[in-house]
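**Q** all I have is the shape, not the residue letters:
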């Protein structure tokens, strides 16, 4: 490091001279300062052109940032701030973004934010107001206006004298209010009971009411040093004894969590908090073990199954990675350089890959196990400008393009050989117009030229960022175009969707056809009821554990009340569904399930009976290996239970290569894979069927051929993996025909049957990410009813008549199909490709016949879950209670608050817009590095949310549900040890949201983060106008600051941004003499270290009495 004569750091050169990590080049950062010692430039000169950021400061006090510029080469973006010196205490009153759009901030006499406003496409509007009540108990209220005719969202949090949350009141469904449950603490401040949320009166949003009742409390017991040793959950319907979770601390490094159902989890850590060993085991004898190794920097360099008698052995971190492991231990190896960048990995399913970086640390090339190299180029500020793959270049453009608005700093165009897209933004930075041209229409079997597009999708939002209108693309021939309108209720959730179909291409102003209305929610934010546009109403009932126990859909159909589904669910103590009974007007179904101690389905039986005695039955059983591989699938006679056929699976690591049948002989099915883990050939020797599968360089299926080498399916994708065209040979009216389907976006599709020379369209309507209805170009409707995992059970017309009824076996094979089978959404609401028999799960394809994905998952779903490392298994062996909406994740159904649109990382990592945001966030130019960072950020975001929620709610297990500050910080350290920066950022950006949800007791909506906008402690942020989130180290320092400042200042705390990602926390305390006040300020750098800690005392006239250095205990200025 180099310093100037004043002691300012002017240059930092990072290198590695040790011998425990892989060598790396130097990384150079240079700094410049003004005459007042303010840092004005931070510049990365590791390569050319240099990139970095610069700051300008106010002319009055030379202390506050008035201009921030991000630069690199010829590119620069500038944000400007107008500083308030009165009540704002140096905080900005106006901020202008690079596109000239302004945000405005108002403060009260204590410097607390009371209003924020922003420029929008329809004028300047208030986006949030905050008010504070200094009477005991302290409280703060946030109001988020919708800016439309929909209700505003309000919340108020009350805190006790120790800064602990008493309860929060917030807007709820149907104009009601909901209140979080009572929190009861013991004499040492530990939470001993937490009750569930309940309905509140409207007056409680502005008036504190002492609630002594405890509704279905969760209880916690502690050991002598304050660690949770037992959690007792409330008694649910049908349970004879409560569920208990006991944690045994075997040593300082080993814990065992025991569930009253008979399942346990043992974790061993080292002195650094790094997890070395995880074991899941149960009373039925099932168990699984995994182990980990780390380098001296904390990077994980090895994972191995430990299910045999061998011990874990750790490799030399500098030796690189070995060849692909074929030992059956499913060993994965990683190699990092001294700067923590992944250089190589060896995965038992994905093979060996390597990565190269430029001097800035941007990924410039990646080579996969097949030897395919992807290269990336970047612009001056580190954004990906070009991705080169064998199929051709993908070009990314930013900042300007004809017809785009508010584009500076944003992705505006993507061009590749299959399609191009342009984006235009509103003044709040949201995509308001997307234009796509599909070039792939000229490939393969060329389509009519009109089908190329352009296809324009236009979106409008309210002030809370919720979609209010979507104008779908128009039909290329008739020019008919649909508009969907979204309404929101007082809870902040969607309350209804309506549409308008117009066939002359002129969009009407209103939507006059209801698709779904009267959507209501319970006090926990779970959907309680809704009514479809055909009059069919659905109600949902939940038990005290948040599990859906009943689902009923019924209504008037042709003058008669018809029950379409009346489903009752039963659970075991592990929250696995054991029984599903469904009684309808047309049929009855009964399903029975059983599981092993690791939660994997081992038995399933089902019956379907219609009044005319049409019936179907099945009975199956399953076995699994310790690593999650499905080892056998048995077909039983439904009446006697005798095994009629048993499939035995043979694996290479997690890839099934052969399935032997007790009925048909060995090698009934055989499978082959490429070096990247993609299925390339599947042979069914019993049916004499062969599938030859071709994949592109991005591991996406592009063609399927039969045994005669005839092409039965071809597929094209955009740059993010979204399928934009499908060409297949399908049976239509008992004749095989070539069917072409185009997907301009997920809302709109076109079908062209070559023999009929007709182009028909479908407009899809989604509710909470699930397709709820579809309309063609003239408005003919189909509605979809779904079950607990979003599998479609009924398709209804606009009168409520059944067009299709479908039931599925556990892993997605069709059990019963009545009526039209041509509707797209089926199992998990995913589309079935008839030509292959695979379901398209967006990120990957899934084969329901063998219950395995056709390619390896690129995301590990639960790194410390012994079942999470199986990249081919479907939902870890629990298809009855879990679903996979993207092909990457396994959310359980019916638990916790909804999170769609809330978590920063809860998005498809392959989505172009998301990747553009990631590229901007980390100054990444290499597309591969952006993709990796997006996945890391997503994984960290999910982990952070779960840990934050667990720490404050008691909803999760006690080893995660720490309630003391020290335990929570230790857990965060363990969570983040050895993680990438993107993972850590995702974690830190989401852990607070998780905490907010936990504190709200599961009340959360997409607006639940509003609970953190204004708290009784006064520390808050407006996430839609500026980003200011302390990292873990900074938050720890802030917590210490909050512990030490006077009690009367804890209600008046603000955060301010400092250069180099530093944070200043300020607390204002009223003096004993009226008019006097003191401001405590701590300046914290990015590493969490205190750079300055002062107390400034002000006279009534606003002049400074004195400034005291709280670190050294000396007066710096004044008396």
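**A** Thanks, I have the structure now. Predicted model, so just to flag it, every value in this text is computed and none were measured. Numbers count the residues shown, from 1 in each chain.
**Q** tell me the SS of residue 490?
**A** When classified by DSSP: H, G, I helix; E, B strand; the rest coil, residue 490 comes out as coil.
**Q** got any ranges where the stretch 401-550 of the chain has weak pLDDT?
**A** Along the stretch 401-550 of the chain, the parts satisfying pLDDT under 70 run over 503-509.
**Q** ranges for the strands of it?
**A** Applying DSSP state E, counting those that start in this stretch to the stretch 401-550 of the chain gives strands spanning 411-415, 419-425, 431-438, 455-461, 467-471, 481-488, 494-502, 513-521, 527-532, 537-542, 548-557.
**Q** what do you get for the stretch 51-200 of the chain?
**A** Secondary structure of the stretch 51-200 of the chain by DSSP E, counting those that start in this stretch: the strands cover 51-57, 65-72, 75-83, 92-96, 102-107, 113-120, 123-133, 138-144, 153-159, 165-171, 177-179, 183-185, 191-194, 198-200.
**Q** of the ones you listed, which is nearest residue 666?
**A** Each of the strands of the stretch 51-200 of the chain was checked against residue 666 via Cβ to Cβ, and the shortest separation belongs to strand 191-194, namely 56.2 Å. C-beta: built from backbone N, CA, C; applies to glycine.
**Q** which parts of that closest one are buried?
**A** The neighbour-count criterion (16 or more other Cβ atoms under 10 Å) identifies 191, 192, 193, 194 as the buried residues of strand 191-194.
**Q** swap in stretch 791-810?
**A** Judged by neighbour count (16+ other Cβ under 10 Å), stretch 791-810 contains these buried residues: 791-796, 798, 800, 802, 804-810.
**Q** kindly report the same for stretch 686-693.
**A** By 16+ other Cβ under 10 Å, the buried positions in stretch 686-693 come out as 690, 691, 692, 693.
**Q** looking at those, which are in strands?
**A** When strands are assigned by DSSP state E, the members of those inside them are 690, 691, 692, 693.
**Q** so what's the last one bridging to?
**A** Read it as residue 693. Applying DSSP bridges to residue 693 gives these bridge partners: residue 704.
**Q** which among the buried residues of stretch 686-693 gets closest to residue 366?
**A** Among these, and counting by Cβ to Cβ, the member closest to residue 366 is residue 693, at 22.9 Å.
**Q** what's the burial count for the residue nearest to residue 619 when sequence neighbours are not counted?
**A** In this structure, residue 619 finds its nearest non-sequential neighbour in residue 636, 3.9 Å apart by Cβ to Cβ, 6 or more residues apart in numbering. As a burial measure, residue 636 scores 20 neighbours (other Cβ atoms under 10 Å).
**Q** what do you get for residue 722?
**A** In terms of burial, residue 722 registers 18 neighbours under the definition other Cβ under 10 Å.
**Q** what do you get for residue 415?
**A** Using other Cβ under 10 Å, residue 415 has 18 other residues around it.
**Q** residues contacting the closest residue to it other than its chain neighbours?
**A** Setting aside the residues directly before and after it, residue 415 is nearest to residue 395 in space (Cβ to Cβ, 6+ apart), at 4.4 Å. When contacts are counted by Cβ atoms under 8 Å, 6 or more residues apart in numbering, residue 395 is found next to 385, 386, 413, 414, 415, 416.
**Q** now do 10 Å
**A** With Cβ atoms under 10 Å, 6 or more residues apart in numbering as the criterion, the residues that contact residue 395 are 377, 384, 385, 386, 387, 413, 414, 415, 416, 420, 719.
**Q** could I get those residues as CSV with distance to residue 117?
**A** Output for those, formatted as CSV (distance: Cβ to Cβ, whole Å):
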residue, distance to residue 117
377, 40
384, 34
385, 35
386, 40
387, 39
413, 31
414, 33
415, 37
416, 40
420, 36
719, 36
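**Q** using PyMOL, make a named selection holding only the buried ones among these.
**A** Buried members of the contacts of residue 395, defined by 16+ other Cβ under 10 Å, are picked up in PyMOL with:
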select buried, resi 377+384+385+386+387+413+414+415+416+420+719
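**Q** what mean pLDDT would you report for stretch 645-661?
**A** Confidence over stretch 645-661 (mean pLDDT, whole number) is 98.
**Q** from the chain's centroid, how far away is it?
**A** In terms of Cα atoms, centre = their mean, to the nearest Å, the centre of stretch 645-661 is set 33 Å apart from its chain centre.
**Q** ends of it, what's the gap?
**A** The first and last residues of stretch 645-661 sit 7 Å apart, counting by Cα to Cα, to the nearest Å.
**Q** again, but for stretch 672-687
**A** In terms of Cα to Cα, the two terminal residues of stretch 672-687 are separated by 18 Å.
**Q** still on that earlier bit, just want the angle from the helix or strand containing the residue nearest to residue 415 to strand 75-83.
**A** Element membership for residue 395 (DSSP states H and E) is strand 392-398. Interaxial angle, strand 392-398 versus strand 75-83 (axes from the mean of the first three to the mean of the last three Cα atoms, to 10 degrees): 30 degrees.
**Q** partners of strand 392-398 in the sheet?
**A** Strand 392-398 sits in its sheet next to strand 384-389 (antiparallel), strand 411-415 (antiparallel), going by DSSP bridges.
**Q** next, the buried residues of it.
**A** Of the residues in strand 392-398, those scored as buried under the neighbour-count criterion (16+ other Cβ under 10 Å) are 394, 395, 396, 397, 398.
**Q** what is the burial count for the residue lying closest to residue 286 once chain neighbours are set aside?
**A** Closest residue to residue 286 in three dimensions, ignoring its sequence neighbours and counting by Cβ to Cβ, 6+ apart: residue 597, at 4.3 Å. Neighbour count of residue 597, defined by other Cβ under 10 Å: 21.
**Q** what of residue 214?
**A** As a burial measure, residue 214 scores 16 neighbours (other Cβ under 10 Å).
**Q** what of the one 10 residues further on?
**A** Using other Cβ under 10 Å, residue 224 has 6 other residues around it.
**Q** output the contacting helices and strands for the strand or helix carrying residue 580.
**A** Taking DSSP H and E as the criterion, residue 580 maps to strand 577-583. Here strand 577-583 touches strand 548-557, strand 560-571, strand 588-595, strand 601-609, going by 3 or more Cβ pairs under 10 Å, 6 or more residues apart in numbering; DSSP states H and E.
**Q** contacting residues around it?
**A** Strand 577-583 is contacted from outside by 547-549, 551-552, 563-572, 588-595, 601, 603, 606, 608, 787-789, 793, 807, 878, 880-881, 893-894, using Cβ under 10 Å, 6+ apart.
**Q** let's see it at 8 Å
**A** Residues from elsewhere that reach strand 577-583 (Cβ under 8 Å, 6+ apart): 563, 565-572, 588-594, 788, 880-881.
**Q** and that strand, what's its mean pLDDT?
**A** pLDDT averaged over strand 577-583 equals 98, rounded to a whole number.
**Q** given it, what are its sheet partners and their directions?
**A** Taking DSSP bridges as the criterion, strand 577-583 sits next to strand 560-571 (antiparallel), strand 588-595 (antiparallel) in its sheet.
**Q** pipe those into CSV and attach distance to residue 682 and mean pLDDT per row.
**A** Compiled in CSV, the strands paired with strand 577-583 are given as follows (distance: least, Cβ to Cβ, whole Å; pLDDT from 0 to 100):
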stretch, distance to residue 682, mean pLDDT
strand 560-571, 35, 97
strand 588-595, 28, 98
